[in-house]
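Peer 1: Kindly return the folded structure for what I paste below:
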Amino acid sequence: MINTMQQIVIATRKQGSTAVIEALQDAGALHLVPVKGADVLQAGPQHEEADSRRESERLLARAETTLTELGATRRTAVAVPAEQDWPAMLDEVAMPAADLAKRRQALDGDLDVARTYGDAARALSELAGGLDQSRRISLVPFLYQKPEELAALQAALQDSLEGRFELSNRALPQAAAGQVGLIATLTIDRDAARAALGKARLGELRLPGRFDGQPLSEVSRELTRIGREGPGQRDALERERASLAEKAGPTLFAVRDALSDQVAIHDVQNLSARGKYSLVMQGYVPDDRISNLKTTLDRFGDAVSYELHPLDKHHNAEVPVELKNSKYSQNFELILGMLPLPRYGNFDPTGIISFFFPLFFGFIIADIGYGLLFFVLGTWFATKAARQQGVNLSAMNAYLTPTTMGRLGVIIRTMSVWSIFWGFLTGEFLGNLAEHLHIFYVNHAWMQSIWGITVPGEQESGLIPIVFPRLASYFTNTALIITLLMGMVFVLWAWLIRVQLATRHGDRHHLWEAIGMLGGLVGLISLGFLSKGGNNLTQGSIYSDFSSPLLIVMYVGFAVFLLGMVMSRVFLMIIEILSQGGNIISFARLFAVGVAGAILANLATNIGWGLYQNIGILGIIIGVLLALLVHAFALAITIIGHILQPIRLHFVEFLQPTGYHNESGVPYSPLRRLTASPSAKK
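Peer 2: Residues are numbered from 1 along each chain as shown. Next up is the predicted model:
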C-alpha cells in the first residue's frame, strides 16, 4: 500500500534556522518541496551565504572525485575531523590520488595501443628496414583485408607516381585481422601516395596519441616494452592506489558525508521562503513519522511554529510516494521497481505481485526437481545476504548488494515452493522421471471424479495420483480453460480497480469508461461460454434462448458497455474491448510456455531412460550425464521466458487497464543526516 502523507508548513526564526534544519536532518522524516515566496517573503539563494555554499560544494565535489579516483569502498566508520582541517586533509589525499589516476589513465592508454597496434607496428618496422629514419623517404602505412584491394592500390599508385614508389605487405598474426602494407616514396610525393590510398578506398594507418608521427622502429620498440613491462607497472599503480584508499578512505568518507550534510542545509534554505527575520519550509511527512517530527520541533518551543494538513486521495504530482508493505511483500518491491512509482492516490500492486507472480512462475515450471534447484539457489542468495556479502556481476557491470541478495533469496525460494507444489499436482520430477519410477501415475477414477474426464487406456499403477496431467492430450482443454479463467479474473479485477480509483478521484470520464469496459467484458465472456469458445457464433439459437441466464447476462453486459461508451464519449472502446479480450487470451501463455518447457524436460529424461534400458549399467551412467546436460540446456533456454511471462501478465494485462502507467509519482526522499548528529558527538 501507499503510505498516507500529511502536508506540513514550518516557520522559524531566520537566525536559528540552521539548528532547526539540523534537527530535521536527525529526525529523517520531512520530504521538502519548494516554497514560492510572496509579498515580503523571498525564495532562492541567499547572497550572504553564497560564498559558504560555493566552498562547501567545491569541497564536496573534490571529495567525491577523490573517492572515485581511489575506488574506495566504505568499510569502517571514523570520527569526522575538525571542520577547519577539511581543506588541508582533502589536499593531502586529492593530489596524490589525481596523480595516480593520471598515470593509470596514461598507462591504460598505452596498453590499449600496444594490444591494438603492437603486431602491426612490429610488422611495419620490419618492412621499413630502417627507411623510417630517412629524411628524403616518406613511409605511408595502411591496413587491408582482400588481395584485390592491394591490386587496386598498386594501380592507383602507378597512375599517380609512375614508378616512384615501392609497395610491400605482410600478413599479421592470426589473432589480428587482415594484412599490413607500407608505401615508400619520396617525401615530395607523400601527399600523392595518400591520395592513391583514397582512390583505392583504403586509409592511412595513424597511430593514436603520442605515437603519431614517430619513426616506426621507435614505435615498435616502445610498444614491445609496454607490452612486456606495462602489466607489472599497472599492478604496482593499483597496489599504490589500494594502499592510499585503505589509509585515507574512511576519513574521506566521513568528510564527504559531513560536507553533504552542509550542502543539504543550503539546499533546504534555497527551497524555503524567507523574510527579513523568518524562514518558512514546506513539505510532507508520513503519518507514522508525525509523532517523531512533532517531538523534534517541540524542543524549540516558541522559536518554531508548524501546521499539519491532511491530504485527500486525489492525484497530486507533488506529494511523495512511500510504499508500506508487509515484511514479505517488501521483497517484491524489487520487481515493481522496474516501473515508476505510482502517483499518490493511486494504488500499490506489490501485494498482488507478491502472491501471483511466484504462483504463476510455479504454474509454468510445475516440476519438483526444478523447484528444488531453485530452492537451493534461493538459499545461497539468502546465505550470502546473511553474511553481508554481495555479488559482483562483472559481465553486466553490476553489483548486487546484500540487501538485494536477501530480497532475491526470498523471491526465488517462494517461486521454488510454488514450483514444487504444482510439481506434485502435475506429477513431474525432472520431467517424467517419477512416472518412469512409478512414483506418480494417472488414476482414472480420480480424473473422472475431479475433472469429469474419462481417461483412455488401461489403469496405471504408482504411489501418488496425478491431479493435473498438463501434457496429456485428453486434459489439454481443461488446462487451457483454467488459465483462461485466471485471465478473466485478472482483467475484470483490473477494471474494478479502475472503477474504485475513478470514484475516489471523482473522475466521471474514466468511471464511465471503466463501467462500460466491465460490462463489455462480462458480455464477451458470456458470449464465449454460450458459443462454446466461438465455435457456434453463427448459430442463431444461442441469441434467442432466454432460458439460459448467460444470455441475459450477455445482453445486459453489452448494454452497459454501450452506455459507458456514450457517457464517457470514448467511442474507440469498440476496439479496446477486443484488445481486452485478447488480454484474457494472453493468459493462455501460462499453459503454453509451461507445456513447452515440460516437453523439453521429458525429452531430456527419456533420452537418459532409453540409454538405461538399452545398455544397462553403463547406460545409467551415460544416461544420467546426458539427461542432466539436456535438462540444464532446456532450463537455460526457457528460464527467461518462464520469468518474463508472469511479469508481463502483471505489468501489461493487469496494470494497464487500471491506469497505473498513465501517471507516476515522486519517490519519498526525506531530509536525512549522513553523519552523527552534533548531540551524539557530545
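Peer 1: what separates the closest residue to residue 179 other than its chain neighbours from residue 119, distance-wise?
Peer 2: For residue 179, ignoring the flanking residues on the chain, the nearest one in space by C-beta to C-beta, 6 or more residues apart in numbering is residue 171 at 4.9 Å. Any C-beta I mention is one placed from the backbone N, CA and C, and that applies to glycine too. From residue 171 across to residue 119, the span is 10 Å (C-beta to C-beta, to the nearest Å).
Peer 1: And those two? Which one has more around it.
Peer 2: The neighbour count for residue 171 versus residue 119, taken as other C-beta atoms under 10 Å, is higher for residue 119 (17 against 10).
Peer 1: Now for that one, which secondary structure element holds it?
Peer 2: Following DSSP states H and E, one finds residue 119 within helix 86-128.
Peer 1: Confirm for me that residue 479 is in contact with residue 467.
Peer 2: No: using C-beta atoms under 8 Å, residue 479 is not in contact with residue 467; the gap is 11.5 Å.
Peer 1: Compare these two and say which is more crowded by neighbours.
Peer 2: residue 479 (23 against 17).
Peer 1: Enumerate every residue touching that one.
Peer 2: By C-beta atoms under 8 Å, 6 or more residues apart in numbering, the residues touching residue 479 are 468, 470, 591.
Peer 1: Now do stretch 24-31: everything it contacts.
Peer 2: Outside stretch 24-31, the residues that touch it by C-beta under 8 Å, 6+ apart are 8, 10, 261, 264-265, 268, 281, 283-286, 289-290, 292-293, 296, 320, 668-673, 677, 679.
Peer 1: Revised request: answer the last question for stretch 508-516.
Peer 2: By C-beta under 8 Å, 6+ apart, stretch 508-516 touches 495-496, 498-499, 501-503, 560-565, 567-570, 573, 659.
Peer 1: just checking, residue 300 touches residue 21?
Peer 2: No: with contacts counted by C-beta under 8 Å, residue 300 stays clear of residue 21, the gap being 11.4 Å.
Peer 1: of those two, who's got more company?
Peer 2: Per other C-beta under 10 Å, whichever of residue 300 and residue 21 has more neighbours is residue 21, with 25 against 16.
Peer 1: residues contacting that one?
Peer 2: For residue 21, the contacting residues are 265, 268-269, 671, by C-beta under 8 Å, 6+ apart.
Peer 1: now it: how far from residue 292?
Peer 2: Relative to residue 292, residue 21 is positioned 16 Å away (C-beta to C-beta).
Peer 1: Also residue 384?
Peer 2: 34 Å.
Peer 1: Kindly report the same for residue 426.
Peer 2: 51 Å.
Peer 1: So those two - more neighbours on which side?
Peer 2: residue 426 (23 against 14).
Peer 1: List phi and psi for the more buried one.
Peer 2: Here is the backbone geometry of residue 426 (degrees, to the nearest 10): phi -90, psi -10.
Peer 1: And residue 280, by the same measure?
Peer 2: Residue torsions, per degrees, to the nearest 10, at residue 280 are phi -120, psi 130.
Peer 1: If it is in a bridge, with which residues?
Peer 2: Listed by DSSP bridges, the beta-bridge partners for residue 280 are residue 11, residue 273.
Peer 1: repeat for the one 4 residues further on
Peer 2: Legend: beta-bridge partners of residue 284 under DSSP bridges are residue 7, residue 31.
Peer 1: Looks like it contacts residue 3 (just checking).
Peer 2: No: look at residue 284 against residue 3 with C-beta under 8 Å: they stay out of range, at 10.2 Å.
Peer 1: neighbour count winner among these two?
Peer 2: When residue 284 and residue 3 are compared for neighbours, residue 284 comes out ahead with 25 against 17, by other C-beta under 10 Å.
Peer 1: Helices of the stretch 151-300 of the chain, start to end?
Peer 2: 190-199, 216-271, 290-298 (DSSP state H, counting those that start in this stretch).
Peer 1: what about dumping the CA coordinates of the shortest one to PDB?
Peer 2: This points to helix 290-298. Taking C-alpha atoms only, helix 290-298 is exported to PDB below (Å, rounded to 0.1, in the frame of the first residue of the first chain):
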ATOM      1  CA  ILE A 290       4.500  12.600  12.600                       C
ATOM      2  CA  SER A 291       4.900  11.900  16.300                       C
ATOM      3  CA  ASN A 292       8.700  11.900  16.000                       C
ATOM      4  CA  LEU A 293       8.700  15.100  13.900                       C
ATOM      5  CA  LYS A 294       6.500  16.800  16.400                       C
ATOM      6  CA  THR A 295       8.800  15.800  19.300                       C
ATOM      7  CA  THR A 296      11.800  17.200  17.300                       C
ATOM      8  CA  LEU A 297      10.100  20.600  16.600                       C
ATOM      9  CA  ASP A 298       8.600  21.000  20.000                       C
END
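Peer 1: buried residues in that helix?
Peer 2: Neighbour counts over helix 290-298 (16 or more other C-beta atoms under 10 Å) mark 293-294, 296-297 as buried.
Peer 1: Check the first one too.
Peer 2: Buried residues in helix 190-199, defined by neighbour count with 16+ other C-beta under 10 Å: 192-194, 196-197.
Peer 1: The contacts of stretch 24-31, buried ones only, as a PyMOL selection?
Peer 2: The PyMOL selection below is limited to those of those classed as buried (16+ other C-beta under 10 Å):
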select buried, resi 8+10+261+264+265+268+281+283+284+285+286+289+293+296+320+668+670+671+673
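Peer 1: The residue positioned nearest the centre of the chain and residue 655, how far apart?
Peer 2: The centroid of the chain falls nearest to residue 338 when counting by C-alpha atoms, centre = their mean (6.0 Å). The gap separating residue 338 from residue 655 is 11 Å, by C-beta to C-beta.
Peer 1: Equivalent analysis for residue 553, please.
Peer 2: Counting by C-beta to C-beta, the gap from residue 553 to residue 655 is 27 Å.
Peer 1: between those two, who's got more neighbours?
Peer 2: Neighbours were counted for residue 553 and for residue 655 using other C-beta under 10 Å; residue 655 has more, 21 against 18.
Peer 1: Am I right that the more buried one is in a helix?
Peer 2: Yes: looking at residue 655 with DSSP: H, G, I helix; E, B strand; the rest coil, it is inside a helix.
Peer 1: what's the residue lying closest to residue 613 once chain neighbours are set aside in contact with, if anything?
Peer 2: In space, and not counting its chain neighbours, residue 613 is closest to residue 619: 7.1 Å by C-beta to C-beta, 6+ apart. Neighbouring residues of residue 619 by C-beta under 8 Å, 6+ apart: 611-613.
Peer 1: which ones among those residues are found in helices?
Peer 2: The helices, defined by DSSP state H, take in 611-613 from the contacts of residue 619.
Peer 1: Adding neighbour count, distance to residue 452 and pLDDT, write those residues out as TSV.
Peer 2: What follows is those, written out as TSV (neighbours: other C-beta atoms under 10 Å; distance: C-beta to C-beta, whole Å; pLDDT from 0 to 100):
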residue	neighbour count	distance to residue 452	pLDDT
611	20	39	78
612	18	37	75
613	12	36	75
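Peer 1: and the contacts of residue 21 as CSV, adding pLDDT and distance to residue 125?
Peer 2: Below are the contacts of residue 21 laid out as CSV (pLDDT from 0 to 100; distance: C-beta to C-beta, whole Å):
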residue, pLDDT, distance to residue 125
265, 84, 62
268, 85, 64
269, 79, 65
671, 89, 64
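Peer 1: In those, find the pair that's most separated.
Peer 2: Spatial extent of these (C-beta to C-beta) is set by the pair 269 and 671 at 11.9 Å.
Peer 1: ok so, going back, any idea which element the residue nearest to the centre of the chain lies in?
Peer 2: Counting by DSSP H and E, no helix or strand carries residue 338.
Peer 1: quick one: it from residue 171, how far?
Peer 2: Distance of residue 338 to residue 171, computed by C-beta to C-beta: 50 Å.
Peer 1: show me what contacts residue 569?
Peer 2: When contacts are taken as C-beta under 8 Å, 6+ apart, residue 569 is in contact with residue 509.
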